[in-house]
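Q: this one's sequence-less:
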């Protein structure tokens, strides 16, 4: 097929373009800005556009399909030309569905943990030498790209994001995939710019449950009351499968799964990850993976990139990077590190970066989410707020919203880094949390500098 990508530079879009290129399709693309790592990845496969910007002249009847990225706008000149020519236009999730219509689709949704659960499932399937398609929102060890497609696989595993599908399709992405096996890890309000109330946000997961294919499975975290309510209201042909955290214990600073086959050591930790493991376990059972095989495989899983990723360590200090940015993610991540290292101090540092986190009306959701840290630092850039065209917020507002006497707010990342460099990290961990990068800070190099 000849396929053109409008806004090829997106994290998901460029990975899909590469996956299709590797499958043998002819790929072209365009964008008005492309940054690394997308730029380097596209260049490696000869897919980097020669010119930056939009060019409607490259949209012709020779194209079999156009894939429209969320970064493009509704008035994009290439999109307008594609419509004029009557070409098939797909959003990213619509194209993934089209590629997997004859396969068993697993879709993992939820406000937190969906990237990790998806990563666990595909890691185990690969260890078991199962063939499958996949899409996941982070780099996973052993996988070159975040998307994989083949003509011969019979299984597809997708991370199901609740954000919007495309500029011309305002459905949440996970409403498109029509899963045979659906997973929801939990519901905690996010994306306030799209879902202005928590009830409206919950409704998106209820709709997701109604999109499950006939005789499908709904796997859900049973300690979430909103998910229990959805599970009780499923269609009669669907099977509800509840789960909670897998039994475990911590010995010598290491977490072990407790199973009838014995204890299995893990390379990751935290109650939230024990919940994630059990979600992945329930899915793998449905896909024919034995419990013992699952445990042996998952004991080798190191985690997805930027999910409690160890950046540097000494005998008495560990520095972690995590993608956590919403209140529920912050609370779970801080709690996990505190529980794993009860005899160490913890400095928890997070960046307010997303639309929701920088919105004054949403800030109170962060109440006490970092109270378990010894010291907590919150950073935000006022220019980011201006760029997102939001009302200004003050450090005092942020401090009041988070609460606690252990918290300090920064609006200059250089001052934050200076403060971190002043700390003696002896029996003392550091947790760096953001969906951004603290305005260009190389966190890996910072961790190396802090623990020479």
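A: In hand now; what should we look at? Remember, it's a predicted structure, so these values are computed and weren't measured experimentally. Numbering: from 1, shown residues only.
Q: from the rest of the structure, what touches the longest helix anywhere in the chain?
A: Taking DSSP state H as the criterion, the chain has its longest helix at helix 271-286. Residues from elsewhere that reach helix 271-286, judged by C-beta atoms under 8 Å, 6 or more residues apart in numbering: 106, 108, 112-113, 116-117, 120-121, 124-125, 157, 181, 183, 185-186, 217, 219, 221, 241, 243-246, 248, 255, 257, 266, 291, 294, 298, 303, 308, 332-333, 335-336, 339. (Each C-beta comes from the backbone N, C-alpha and C, glycine too.)
Q: now do stretch 248-255
A: So stretch 248-255 is contacted by 256, 257, 258, 263, 265, 266, 268, 269, 274, 339, 340, 341 (C-beta under 8 Å, 6+ apart).
Q: what's the first-to-last distance across it?
A: 7 Å (C-alpha to C-alpha, to the nearest Å).
Q: pLDDT of the longest helix of the chain, averaged?
A: Taken as a whole, helix 271-286 has an average pLDDT of 97.
Q: buried residues of it, list them for me.
A: By neighbour count on 16 or more other C-beta atoms under 10 Å, the buried set for helix 271-286 is 271-284, 286.
Q: run the angle between the helix or strand that comes right after it and helix 271-286 for me.
A: Using DSSP states H and E, the helix or strand that directly follows helix 271-286 along the chain is helix 291-298. Here helix 291-298 points in a direction 130 degrees away from that of helix 271-286 (axes from the mean of the first three to the mean of the last three C-alpha atoms, to 10 degrees).
Q: helices and strands around helix 291-298, which ones?
A: helix 114-127, strand 254-259, strand 262-265, helix 271-286 (3 or more C-beta pairs under 8 Å, 6 or more residues apart in numbering; DSSP states H and E).
Q: with distance to residue 328 added, can I get those in CSV?
A: Formatted as CSV, the helices and strands packed on helix 291-298 follow (distance: least, C-beta to C-beta, whole Å):
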stretch, distance to residue 328
helix 114-127, 12
strand 254-259, 21
strand 262-265, 27
helix 271-286, 9
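Q: show me the contacts for the residue nearest to residue 140 when sequence neighbours are not counted.
A: Using C-beta to C-beta, 6 or more residues apart in numbering and skipping residues adjacent in sequence, the residue nearest residue 140 is residue 119, 4.6 Å away. Contacts for residue 119 (C-beta under 8 Å, 6+ apart) come out as 136, 138, 140, 301, 303, 304, 307.
Q: all helices for the stretch 51-200 of the chain, in order.
A: All helices of the stretch 51-200 of the chain, identified by DSSP state H, counting those that start in this stretch, fall at 77-84, 92-99, 114-127, 198-210.
Q: most tightly surrounded among these?
A: Neighbour counts (mean count of other C-beta atoms under 10 Å) averaged over each of the helices of the stretch 51-200 of the chain peak at helix 114-127, with a mean of 26.
Q: what about it, distance to the chain center?
A: 13 Å (C-alpha atoms, centre = their mean, to the nearest Å).
Q: pLDDT on it, on average?
A: Mean predicted lDDT for helix 114-127 stands at 97.
Q: what angle separates it from helix 271-286?
A: Going by the same axes, to 10 degrees, helix 114-127 makes 40 degrees with helix 271-286.
Q: can you tell me the closest non-neighbouring residue to residue 349?
A: Spatial nearest neighbour of residue 349, chain neighbours left out: residue 377 (4.4 Å); criterion: C-beta to C-beta, 6+ apart.
Q: spit out the contact partners of that neighbour.
A: 347, 348, 349, 350, 407, 408, 409, 410, 416, 419, 420.
Q: and the fifth one, how far is that from residue 399?
A: Noted for residue 407: a distance of 6 Å to residue 399, by C-beta to C-beta, to the nearest Å.
Q: relative to residue 384, which of the helices and strands packed on helix 291-298 is closest?
A: Evaluated with C-beta to C-beta, the helices and strands packed on helix 291-298 place helix 114-127 nearest to residue 384, the distance being 22.8 Å.
Q: dihedrals phi and psi, residue 341?
A: For residue 341, the backbone dihedrals (degrees, to the nearest 10) come out as phi -130, psi 70.
Q: now do the strands in the stretch 301-450 of the chain.
A: For the stretch 301-450 of the chain, the strands defined by DSSP state E, counting those that start in this stretch occupy 309-314, 317-322, 345-351, 375-379, 407-410, 428-433.
Q: buried sites along the fifth one?
A: To tie it back to what came earlier, the one meant is strand 407-410. 407, 409, 410.
Q: also stretch 386-399?
A: Buried-residue list, stretch 386-399, by 16+ other C-beta under 10 Å: 393, 398.
Q: using PyMOL, define a selection of the buried residues within the contacts of stretch 248-255.
A: Per 16+ other C-beta under 10 Å, the buried members of those correspond to this PyMOL selection:
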select buried, resi 256+257+266+268+269+274+340+341
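Q: take the contacts of stretch 248-255 and lay them out in a markdown table including distance to residue 7.
A: Formatted as a markdown table, these follow (distance: C-beta to C-beta, whole Å):
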| residue | distance to residue 7 |
| --- | --- |
| 256 | 45 |
| 257 | 41 |
| 258 | 47 |
| 263 | 47 |
| 265 | 43 |
| 266 | 38 |
| 268 | 33 |
| 269 | 37 |
| 274 | 37 |
| 339 | 41 |
| 340 | 40 |
| 341 | 42 |
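Q: of all the contacts of stretch 248-255, which comes closest to residue 235?
A: Distances from residue 235 to these, taken by C-beta to C-beta, are shortest for residue 274, at 30.1 Å.
Q: ok, now how distant is that closest one from residue 359?
A: Residue 274 is 32 Å from residue 359, by C-beta to C-beta.
Q: one more: residue 291?
A: From residue 291 across to residue 359, the span is 44 Å (C-beta to C-beta).
Q: of the two, who's got more company?
A: Taking other C-beta atoms under 10 Å, residue 291 and residue 359 do not tie; residue 359 has more neighbours (18 against 13).
Q: run a quick neighbour tally on the nearest residue to that one once chain neighbours are set aside.
A: Spatially, and ignoring its direct neighbours in sequence, residue 359 is nearest to residue 192 (5.6 Å; C-beta to C-beta, 6+ apart). For residue 192, the count of nearby residues is 20 (other C-beta under 10 Å).
Q: please shift the residue numbers so they start at 3 in all later answers.
A: Got it, first residue is 3 now, which makes that one residue 194.
Q: how about the contacts made by residue 194?
A: 357, 358, 361, 363, 364.
Q: ok, now with 7 Å
A: For residue 194, the contacting residues are 358, 361, 363, 364, by C-beta atoms under 7 Å, 6 or more residues apart in numbering.
Q: then residue 270?
A: Residue 270 neighbours (C-beta under 7 Å, 6+ apart): 303, 305, 310.
Q: so it, which of the three states?
A: In three-state terms, and counting by DSSP: H, G, I helix; E, B strand; the rest coil, residue 270 is coil.
Q: pLDDT score assigned to it?
A: 93.
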